[in-house]
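> sequence and computational prediction follow.
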Protein chains: 2
Amino acid sequence: MKKKSIPDIVIGRLPIYLRLLRRMIKEGRQVTSSQELGERLGISAAQIRKDLSQFGEFGKQGTGYNIEFLANQVEEILKVDRVWDVVIVGAGDVGHALANYGGFHQRGFQIKMIFDNDPTKIGNAIGNFTVLDSAVMKGRIQEAGVKVAMIAVRADQAQDVANQLVEAGIQAILNYAPVNLTVPLDVKVQHIDPAVHLQHMTYYLD
Amino acid sequence: MKKKSIPDIVIGRLPIYLRLLRRMIKEGRQVTSSQELGERLGISAAQIRKDLSQFGEFGKQGTGYNIEFLANQVEEILKVDRVWDVVIVGAGDVGHALANYGGFHQRGFQIKMIFDNDPTKIGNAIGNFTVLDSAVMKGRIQEAGVKVAMIAVRADQAQDVANQLVEAGIQAILNYAPVNLTVPLDVKVQHIDPAVHLQHMTYYLD
């Protein structure tokens, strides 16, 4: 597997494939085809075959894919055959929702700590967590060796938080603040901003 | 403007440009360049020029873009020079966060109603809203002529909710449930799933 040779857009589709495969296992299914995967995802069967073939031979001609085997392979490729510790910065509504979300663990992630700089929030309980003071964030992340973070602070605080996270050794940031973040090239960032998605769709409306 | 000729991936970048332009206006800026936009977004200047040129001539050679003018033009293209009514289905943590989020209105959206099918949630207040019974959802959406919805229910309920929304006349769905939705071709769907974004990034981690 040569990472450099696989386009990022292909990598971005693998978690979607994985989500569907795990769902099909729940449905009691054992074997599937690129045709069926494509129909359920709105992607062409040829695209799915091409994407998966970048990583090896996962199906046999005519017999399709063994779902459990393929799901395990994709998890290995995405490195979620292990569980990654994650910190949340920002204990507002979004931070709450993320801290309480029960779906992370089975998909390779567990929340370890949640931070905020608001004295009225520090010390509060969110589910099983106590909100920690952002002032101790860098040290706590370094001690624990956490590599993944989610930012759920206001737009005007997000870049400063990102800088601190990078200094603390964070290598992947999921940013919920509605602002683009600038980070070193070796740090990955993904953005979630509902208004961006909504505006993308209104273009097509009458 | 021939819609069919502009790739969806270009449309998907316009909200990102718009977000940055509005931020620059807040910073007191008046003029920018494709170089500066590119640096702040991690996109090449050539890509930005090419994207914007699909819609017309927004800048003058050598003098750059007038930020306010460009922002207004992009808003018009994305049809967020008006305000779209939006309904939320699901009054759990994510529904709460969305209902309370103050940033929608200035970006072209206002929450009108929030629905849930859980008797313990129906009638509860979330911010300025009272949670309505999903049983009346279809009629209420049709009456109000709402075209945009956000789904924040459990994965196993999401497809059924989507079907009801489509019957009610919804044309754009932002889906927070961790499952792919199947809708008619003329209905737009975008998905937000933090685990998908996190898994995309862990591929690149050691």
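Right, received. Where do you want to start? Numbering: from 1, shown residues only, chains lettered A, B, ... in the order given.
> right, is the top strand by length along chain A up against chain B?
Longest strand in chain A by number of residues (criterion: DSSP state E): strand A:109-116. Yes: with Cβ under 8 Å from any Cβ of the partner chain as the criterion, chain B is reached by strand A:109-116 at A:F109. For glycine as for every other residue, the C-beta is placed from the backbone atoms N, C-alpha and C.
> list the contacts for the residue nearest to A:D116 when sequence neighbours are not counted?
Of all residues not flanking A:D116 in the chain, A:A91 sits nearest, at 4.0 Å (Cβ to Cβ, 6 or more residues apart in numbering or on different chains). Applying Cβ atoms under 8 Å, 6 or more residues apart in numbering or on different chains, we find A:A91 in contact with A:99, A:114-116, A:118, A:121, A:124, A:126, A:131.
> per-residue confidence at A:A91?
For A:A91, the model assigns a pLDDT of 97.
> host element of it?
Under DSSP states H and E, no helix or strand contains A:A91.
> quick check: it vs chain B, distance?
To chain B, A:A91 is 12 Å away according to Cβ to the nearest Cβ, to the nearest Å.
> give me phi/psi at that residue?
Note on A:A91: its backbone torsions stand at phi -110, psi 30 [degrees, to the nearest 10].
> now a ChimeraX select for only the buried ones of the contacts of A:A91.
Those of the contacts of A:A91 that count as buried under 16 or more other Cβ atoms under 10 Å in any protein chain shown are selected in ChimeraX with:
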select /A:99,114,115,116,121,126,131
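> CSV please, covering the contacts of A:A91 and showing pLDDT.
Below are those laid out as CSV (pLDDT from 0 to 100):
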residue, pLDDT
A:A99, 95
A:I114, 98
A:F115, 98
A:D116, 98
A:D118, 97
A:K121, 97
A:N124, 97
A:I126, 95
A:V131, 98
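> contacts for the longest strand of chain A next, please.
Contacts of strand A:109-116 (Cβ under 8 Å, 6+ apart): A:80, A:83-92, A:95, A:98-99, A:104, A:122, A:126, A:129, A:131-134, A:137, A:140-141, A:144, A:146, A:148, B:195, B:198.
> now those: which count as buried?
Buried members of those, scored by 16+ other Cβ under 10 Å, are A:80, A:84-92, A:95, A:98-99, A:104, A:122, A:126, A:129, A:131-132, A:134, A:137, A:140-141, A:146, A:148, B:195, B:198.
> just the ones of these in helices?
Per DSSP state H, helices hold the following members of these: A:95, A:98-99, A:137, A:140-141, B:195, B:198.
> using CSV, write out the CA atom coordinates for the longest helix seen in chain A.
In chain A, with assignment by DSSP H, the single longest helix is helix A:8-26. C-alpha atoms of helix A:8-26 as CSV (Å, rounded to 0.1, in the frame of the first residue of the first chain):
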residue,chain,number,x,y,z
ASP,A,8,-7.6,11.6,-0.9
ILE,A,9,-11.1,11.5,-2.4
VAL,A,10,-10.9,7.7,-2.5
ILE,A,11,-9.8,7.6,1.2
GLY,A,12,-12.8,9.9,2.0
ARG,A,13,-15.2,7.3,0.5
LEU,A,14,-13.9,4.4,2.5
PRO,A,15,-15.6,5.4,5.8
ILE,A,16,-18.9,5.6,3.9
TYR,A,17,-18.4,2.1,2.5
LEU,A,18,-17.5,0.9,6.0
ARG,A,19,-20.6,2.4,7.6
LEU,A,20,-22.8,0.6,5.1
LEU,A,21,-20.9,-2.7,5.5
ARG,A,22,-21.4,-2.6,9.3
ARG,A,23,-25.1,-1.8,8.8
MET,A,24,-25.5,-4.8,6.4
ILE,A,25,-23.9,-7.1,9.0
LYS,A,26,-26.5,-5.8,11.5
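> hmm, back to that, just the ones in helices among the buried ones among the contacts of strand A:109-116 now: which is nearest B:V10?
B:L198 (26.4 Å; Cβ to Cβ).
> can you read off the pLDDT for that closest one?
pLDDT, B:L198: 98.
> dump the residue contacts of it.
Counted by Cβ under 8 Å, 6+ apart, B:L198 has contacts A:84, A:86, A:104, A:107-109, A:148, A:172, A:174, A:190.
> can I get the residues you listed in CSV including distance to B:Q47?
Listed next are the contacts of B:L198 as CSV, based on distance: Cβ to Cβ, whole Å:
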residue, distance to B:Q47
A:W84, 32
A:V86, 31
A:F104, 34
A:R107, 32
A:G108, 32
A:F109, 32
A:V148, 28
A:A172, 24
A:L174, 24
A:Q190, 19
